[in-house]
Every structure is written in C-alpha cells, then in structure tokens.
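Q: quick one, what's the 3D model for this:
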Amino acid sequence: MSNLHVFDHPLIQHKLSILRDKDTSSKLFRELVSEIAMLMCYEATRDLPLEDVDVETPVAVAHCRHIAGKKLAVVPILRAGLGMVEGMVAMMPNVKVGHVGLYRDPETLEPVKYYFKMPPDIQERDAIIVDPMLATGGSAAAAAQFLKEVGVKHVKLMSIIGAPEGVERMRSEHPDVDIYLAALDDHLNEHGYIVPGLGDAGDRIFGTK
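A: Alright, predicted model coming up:
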C-alpha cells in the first residue's frame, strides 16, 4: 500500500528489539518509546515543504532552506500515546499538542470519546496521531474521524508496532491517512493483542497492570 510506511532503519530496529523484551524495565521502556518516536518523526516529516532563505553566517551569506510555514500538531491517543510526545516535541519544539481520550464500549466494542482537547487553530494544522500500538485500528480510526470533523485537512498516523487488522481498518475507513510503523507484526490474538508485539504498551510505559 502506498500509504503504509514501515521503517527498517537500523537504529529503530535495534531499539525496537529491546522494547519488545519482557524484561525491559519501565524506565528503559519509556526512554525507548520516546527515542523511537523521535527517529520515526524524522522520517515521517520527510515530505514537509521547504522554501529558500538567505542566512548571514559570520563569513558570508548562505543560501539555505527552511520549512515553508507548515503548522503541525501532535495528537496522542490517551494514555499510551503520551509516551511518544516527548520525542516528537524534541524534534519539533514549536509543535502544538492535542489530546484524544477513548475507551472501548463493553457492548459494542467500539471506541467512545471521553476527552478531546485541541489547539484553537487545529483547522490550520496538519495532525500526526501517535499511539504505540495499531491493533484493531478502532481507536486510530476514531481519532482520525474526530480530527476531520473539526476541520483538519491532512492527518498522519504514527505507531511503533502495527497489526495487519489495524492497517486494513485504517485503509478501509481513512485511505487518505498515511501510516508510519517501525514494525508490521503477524496478527492479533483472541484478546486483541498484537503477536508477537510487546504486550500492553500503556502498562509498560507507566508501570501499571
């Protein structure tokens, strides 16, 4: 699929191998999630438009390029998505951060929005949804829909690990959303966990059960 990007960069793959390890501590897990998000952000923003600018160095004028006024927003899906924000902000210090809170309805199993807070100019920004795991795709698809409903024109999704089921749901409901992954795993098990995956990302980030 042209809108699916799976990164094979050696640094990302090395850090991902440690992230998957069941014996990795919460402290190291948090650090790795942030570092992987930073490296993925570098790749996922490769298509940002540039414009020419002249910069006066101590020696002479340099003909340079900078980002052409593009406004971005990072939108973590609570709670695990919070672990990716620091790495994104480290790469883009002026980025604005919105938040989407979702829970799964026990009857319908569909995501329900309980929190939605965006920058006031979100309609003028491109949004990058971040969530470490793209499992069923329900939360990601809902978050993308909520952003489109408030006027966001261009949405990307960045997850560390994805399952084919989640990718297919995003492809079906939001074919215009580019998906960025560090790994595309095999399948979902009967409990909705990605296999081989890394377990519950939120629990491992925050040290909960």
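
Q: please count neighbours and contacts with C-alpha atoms only from this point.
A: Fine.

Q: what is the mean pLDDT for stretch 170-184?
A: Mean pLDDT, computed over stretch 170-184, is 97.

Q: one more: stretch 64-74?
A: 89.

Q: may I have it as PDB, with CA atoms only?
A: Only the C-alpha atoms of stretch 64-74 are listed here, as PDB (Å, rounded to 0.1, in the frame of the first residue of the first chain):
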ATOM      1  CA  CYS A  64      19.600  27.700   2.800                       C
ATOM      2  CA  ARG A  65      16.200  26.200   3.100                       C
ATOM      3  CA  HIS A  66      13.700  26.100   5.900                       C
ATOM      4  CA  ILE A  67      10.200  24.600   6.400                       C
ATOM      5  CA  ALA A  68       7.700  26.700   4.500                       C
ATOM      6  CA  GLY A  69       5.400  27.900   7.200                       C
ATOM      7  CA  LYS A  70       3.800  24.400   7.800                       C
ATOM      8  CA  LYS A  71       1.900  24.200  11.000                       C
ATOM      9  CA  LEU A  72       1.800  20.800  12.800                       C
ATOM     10  CA  ALA A  73       0.000  19.200  15.700                       C
ATOM     11  CA  VAL A  74       0.900  16.000  17.500                       C
END
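
Q: can you give me the strands in this structure?
A: Ranges of strands within the chain are 4-6, 50-56, 61-67, 72-78, 96-97, 99-104, 111-117, 126-130, 133-134, 155-162, 178-184, 187-188, 194-195, based on DSSP state E.
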